[in-house]
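>>> The sequence and its predicted three-dimensional model are supplied below.
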Amino acid sequence: MLYANVVILAGEVHQAPRGFSVGQSRKASALIAQKRPFGNEGKTANDMFEVVGWGQMANKVELLPVGGRVMVQGRLRPESYEKDGKRIFKQVVVAETVTLEGDAAQVDQAPPPSDDPF
């Protein structure tokens, strides 16, 4: 049986990333906007995705500039929390690789492509 949880997301940093400590670990999150076609008149809409980095990846996420074009490779992770007595569920993208457009050093660190589709 095949299990895959892989996300590749390209978009722009919408809000300044925020970083904080969780126990002895570092966590940072950024909101990434991804444009998509909307309607038949050539309009676009933005889908928003929360991208989370842990440890050293948190340091990279925290330094992303607002408006910067990024590509994120990672995985989806469900999260939930209580708000006003209700349980709220959401999906976040846990970053494994973050590439800022024009950052050749990061591009070179991406894993090599595989011929195996699985």
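Thanks, I have it.

>>> what sits against the spatially most distant residue from the centre of the chain?
Residue farthest from the centre of the chain, counting by C-alpha atoms, centre = their mean, is residue 41 at 29.1 Å. For residue 41, no residue meets the contact criterion (C-beta atoms under 8 Å, 6 or more residues apart in numbering). The C-beta positions use only the backbone N, C-alpha and C, and glycine is treated the same way.

>>> now do residue 72
7-10, 32, 51, 93, 95, 97-99.

>>> can you map out the strands along this protein?
7-13, 18-22, 25-38, 43-54, 69-83, 86-100 (DSSP state E).

>>> mind pulling up the phi and psi values for residue 23?
phi 60, psi -120 (degrees, to the nearest 10).

>>> any low-confidence regions in this protein?
Low-confidence segments of the chain (pLDDT under 70): 103-118.

>>> Now with 80, please.
Along the chain, segments meeting pLDDT under 80 span 1-2, 102-118.

>>> By residue count, tell me the biggest helix in it.
Longest helix in the chain by number of residues (criterion: DSSP state H): helix 56-62.

>>> ok, and the closest non-adjacent residue to residue 90?
Spatial nearest neighbour of residue 90, chain neighbours left out: residue 79 (5.5 Å); criterion: C-beta to C-beta, 6 or more residues apart in numbering.

>>> Contact partners for the one you found?
Going by C-beta under 8 Å, 6+ apart, residue 79 touches 89-92.
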